[in-house]
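# Structure of the sequence below:
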Amino acid sequence: MTASVAPPEVLTALDAALDDDLAALFEFIGIPSVSADSRHSADVRRGAEFVASRLRQAGLGEVTVHDTARHPVVTAAWRGAPGAATILVYGHYDVQPPEPLERWTSPPFEPTIRDGRVYARGASDDKSPMFIPITVAAAYLRTLGRLPVNLVFLYEGEEEIGSPSLGPFVKREAERLRADVVVSADGAMWRADHPTTMISTRGLTALEFTVRGATKDLHSGRHGGAVANPLHAMARLVAGLHGQDGRVAVAGFYDDVSPIPEPLREATRALPFDDATYLAEVGAPATFGESGFSTLERQWNRPTLELNGMWGGYTGEGSKTVLPSEAHAKVTCRLVADQDPDDVREKVVRHLHANVPPGVTLEVRFERPGAAAYRLRDDHPGLLTAVASLRAVYGVDPWVIGMGGSVPICDTFQRHLGMDTVFFSFAVGDEDIHAPNEFFRLARFAEGRRAWADYLARFPQVMAGV
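Numbers count the residues shown, from 1 in each chain. Next up, the predicted model:
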């Protein structure tokens, strides 16, 4: 077992401040900082100001709330260790919309404790994990008056809408943000019963499209059979995106996809995973997807195209005999190494236009930028530090895994700063992130604090080859 290298007085200070820090966390979680909804713009700014105030209270300097085209970015720094390594800590304070509200057991922005968990929107993604390193920095500065490394904090308010302002901000503020590595408090461990850290994420591209028929809704008895129904046309378009074998039917979709290396397939097979347990967790009757690959391989190492929403016509109570004028759909593609997000999106657009049924027109829109897939090298000092710190806290070797989701900031930091990103989050993937009744395990708050305290102390030693 690896012994912790965190200073004992820092750990003692963290334990002593636990109740106060949790109270501050719950206040933070109670702010409805929903970045996707313009009605919450003031709340998002309130979230930014709260983060800035806690960074100042921690003893950090250069605390700034930066305006962007949409929501603020908050930065802070402590640069009192000349010649030492610098870590850029990343997280986000914005949250997903809480709807459907009727599915919540308790109000989404009233943090509620049940069975050792705090339930609220943003509790797991990302407010609890991103708050942890602030409290750790505060404990170091309160007890020792210094940190083992230089720290720069960057907390954004647009992650849940694709971080449209982050790229321009990072490019503009490159000198302010320069560091040896990015350590992301965003992300999630794979399982609650074993520590993990992520080494790869899939890329992302997204689009929305509309099928239109008549210029207005029509009486289905009087006009049905005379003009095309956009809902029928949409169903045909969507069904044509995949073959019966689960593969994406878009021409050229797999052109840049390489086979999964056999050592990676072996490592994935060695993980304690079985489909039956997974199906019980998600409540699905069977697995489904591209043939020839395991469930984890499809989730982590193969590209996908998913329909995220489809709507149109009358969906209220009872019957309305209408032939709708429009139908709409949202699609995202998860990408793997060497797939270019813009190229894949254009291929999907071409497929849609080539397969528009007769009698309707098609309009395609896209707003959020795409993101490339990301892979951290196995011997990266930031990753080695994360593995050792998790081992010190949990007493077992952590699993190093892939992730099926997308974290666009990895591409952003790599492209504009040439910096790698290490994931060091204490959320867990089963905490109903983006869904009703999102929660965070409170035990992970204390565990995460000990691990972050160890990480800050251990990283210089790993960099020095100690």
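# Against His71, how distant is the residue nearest to Met130 when sequence neighbours are not counted?
Leaving aside its chain neighbours, Met130 sits nearest to Gly91 (2.8 Å; criterion: CB to CB, 6 or more residues apart in numbering). Every C-beta, even on glycine, is put in place using the N, C-alpha and C of the backbone. Distance of Gly91 to His71, computed by CB to CB, to the nearest Å: 14 Å.
# Check the burial of the residue nearest to Met130 by counting its neighbours.
Residues within reach of Gly91, counting by other CB atoms under 10 Å, total 26.
# Pretty sure Gly240 sits against Asn355.
Yes. Gly240 is within contact range of Asn355, at 5.4 Å (criterion: CB atoms under 8 Å).
# which stretches of this structure aren't confidently modelled?
Under the criterion pLDDT under 70, the flagged ranges of the chain are 1, 466.
# hang on, the earlier thing: so the residue nearest to Met130 lies in a helix, does it not?
No. Gly91: not assigned to a helix; according to DSSP: H, G, I helix; E, B strand; the rest coil it is strand.
# Who are the contact partners of it?
Asp126, Pro129, Met130, Pro133, Leu154, Tyr155, Ser184, Ala185, Asp186 (CB atoms under 8 Å, 6 or more residues apart in numbering).
# Tell me if the third one really is in a helix.
Yes. Membership of Met130 in a helix is supported by three-state DSSP.
# Any figure for the gap between it and Ala233?
44 Å.
# What of the first one?
According to CB to CB, Asp126 and Ala233 sit 39 Å apart.
# out of these two, which sits in the more crowded spot?
Shown here are Asp126 and Ala233; by other CB under 10 Å, Asp126 has more neighbours (28 against 22).
# contacting residues for the closest residue to the more buried one other than its chain neighbours?
Distances taken as CB to CB, 6+ apart place Asp186 nearest to Asp126, at 4.6 Å, with adjacent residues excluded. Neighbouring residues of Asp186 by CB under 8 Å, 6+ apart: Tyr90, Gly91, His92, Asp125, Asp126, Pro129, Met130, Glu159, Val407, Ile409, Phe423, Ser425.
# isn't the fifth one right up against Tyr90?
No. Using CB under 8 Å as the test, Asp126 is too far from Tyr90 to be in contact (9.6 Å).
# Next, show the common contact partners of those two.
Joint contacts of Asp126 and Tyr90 (CB under 8 Å, 6+ apart) are Ala185, Asp186.
# which stretch of helix or strand covers the residue with the largest distance to the centre of the chain?
What lies farthest from the middle of the chain is Arg222; by CA atoms, centre = their mean that is 48.2 Å. Using DSSP states H and E, Arg222 sits within helix 220-223.
# What residues sit buried inside that helix?
By 16 or more other CB atoms under 10 Å, the buried positions in helix 220-223 come out as Ser220.
# Could you do stretch 96-105 as well?
Gln96, Pro97, Pro98, Trp104.
# and that stretch, how far from the chain's centre?
19 Å (CA atoms, centre = their mean, to the nearest Å).
# And for stretch 341-361?
Using CA atoms, centre = their mean, the offset of stretch 341-361 from its chain centre is 28 Å.
# Alpha carbons only: can I get it in PDB?
The C-alpha coordinates for stretch 341-361 follow below in PDB (Å, rounded to 0.1, in the frame of the first residue of the first chain):
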ATOM      1  CA  PRO A 341     -15.800  16.100 -35.600                       C
ATOM      2  CA  ASP A 342     -16.500  18.500 -38.400                       C
ATOM      3  CA  ASP A 343     -15.900  15.800 -41.100                       C
ATOM      4  CA  VAL A 344     -18.200  13.300 -39.400                       C
ATOM      5  CA  ARG A 345     -20.900  15.900 -39.000                       C
ATOM      6  CA  GLU A 346     -20.700  16.800 -42.700                       C
ATOM      7  CA  LYS A 347     -21.000  13.100 -43.600                       C
ATOM      8  CA  VAL A 348     -24.200  12.900 -41.400                       C
ATOM      9  CA  VAL A 349     -25.600  16.000 -43.100                       C
ATOM     10  CA  ARG A 350     -24.900  14.600 -46.500                       C
ATOM     11  CA  HIS A 351     -26.600  11.300 -45.500                       C
ATOM     12  CA  LEU A 352     -29.700  13.200 -44.300                       C
ATOM     13  CA  HIS A 353     -30.000  15.300 -47.500                       C
ATOM     14  CA  ALA A 354     -29.500  12.300 -49.700                       C
ATOM     15  CA  ASN A 355     -32.300  10.400 -48.000                       C
ATOM     16  CA  VAL A 356     -35.000  13.000 -47.500                       C
ATOM     17  CA  PRO A 357     -38.400  11.400 -48.400                       C
ATOM     18  CA  PRO A 358     -40.500  13.000 -51.100                       C
ATOM     19  CA  GLY A 359     -42.900  15.700 -50.200                       C
ATOM     20  CA  VAL A 360     -40.900  17.300 -47.400                       C
ATOM     21  CA  THR A 361     -37.900  19.700 -47.000                       C
END
